[in-house]
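Colleague: for reference, the sequence and a predicted model appear below.
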Amino acid sequence: MEEKRKGKVANFQPNVLMLGLSPSDFVFRALSNVHANDMEHTLLALPFLDALKLLSHLKYWTINLDK
């Protein structure tokens, strides 16, 4: 927090591999491209820590319904 006040925190730089999207938008786009029939198998194949990260994205999406 102190670094943020001093201006030392890096600004968001778009990543070419993520199509210039924010991490949350990239995950949302990737999940949107999975067919409904394949969604269960896709989610079951996730490692536990990645599933927790996905849940944090889901929390963000439900709070910010402007998508």
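Modeller: Received the coordinates, thanks.

Colleague: can you give me the strands in this structure?
Modeller: With strands called from DSSP state E, the chain shows none.

Colleague: helices and strands of it: which one has the lowest mean pLDDT?
Modeller: Least confident element among the helices and strands of the chain, by mean pLDDT, DSSP states H and E: helix 2-6 (a mean of 58).

Colleague: point out where this protein drops to low pLDDT.
Modeller: Low-confidence segments of the chain (pLDDT under 70): 1-9, 12, 67.

Colleague: what about the most centrally placed residue in the chain, distance to residue 48?
Modeller: By Cα atoms, centre = their mean, the mean C-alpha position of the chain lies nearest to residue 24, the distance being 2.7 Å. Here the distance between residue 24 and residue 48 works out to 20 Å (Cβ to Cβ, to the nearest Å). Using the backbone N, CA and C atoms, a C-beta is placed for each residue, glycine as well.

Colleague: over to residue 56?
Modeller: 13 Å.

Colleague: count of neighbours near the residue lying closest to residue 51 once chain neighbours are set aside?
Modeller: Computed as Cβ to Cβ, 6 or more residues apart in numbering, the closest residue to residue 51 that is not its neighbour in sequence is residue 43, at 7.3 Å. Residue 43: 13 surrounding residues under other Cβ atoms under 10 Å.

Colleague: go on, residue 62?
Modeller: 8.

Colleague: can you tell me how far it is from residue 24?
Modeller: Relative to residue 24, residue 62 is positioned 12 Å away (Cβ to Cβ).

Colleague: can you pull the alpha-carbon coordinates of the longest helix belonging to the chain into CSV?
Modeller: The residue-count maximum for a helix in the chain (DSSP state H) belongs to helix 48-63. The C-alpha trace of helix 48-63 is given here as CSV (Å, rounded to 0.1, in the frame of the first residue of the first chain):
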residue,chain,number,x,y,z
PHE,A,48,-7.7,-27.9,-6.8
LEU,A,49,-5.8,-24.6,-6.7
ASP,A,50,-6.9,-23.6,-10.1
ALA,A,51,-10.5,-24.4,-9.1
LEU,A,52,-10.1,-22.0,-6.2
LYS,A,53,-8.8,-19.3,-8.5
LEU,A,54,-11.8,-19.9,-10.7
LEU,A,55,-14.1,-19.4,-7.7
SER,A,56,-12.5,-16.1,-7.0
HIS,A,57,-13.2,-15.1,-10.6
LEU,A,58,-16.8,-16.2,-10.2
LYS,A,59,-17.1,-14.1,-7.1
TYR,A,60,-15.8,-11.1,-9.0
TRP,A,61,-18.2,-11.7,-11.8
THR,A,62,-21.2,-11.9,-9.5
ILE,A,63,-20.2,-8.7,-7.7
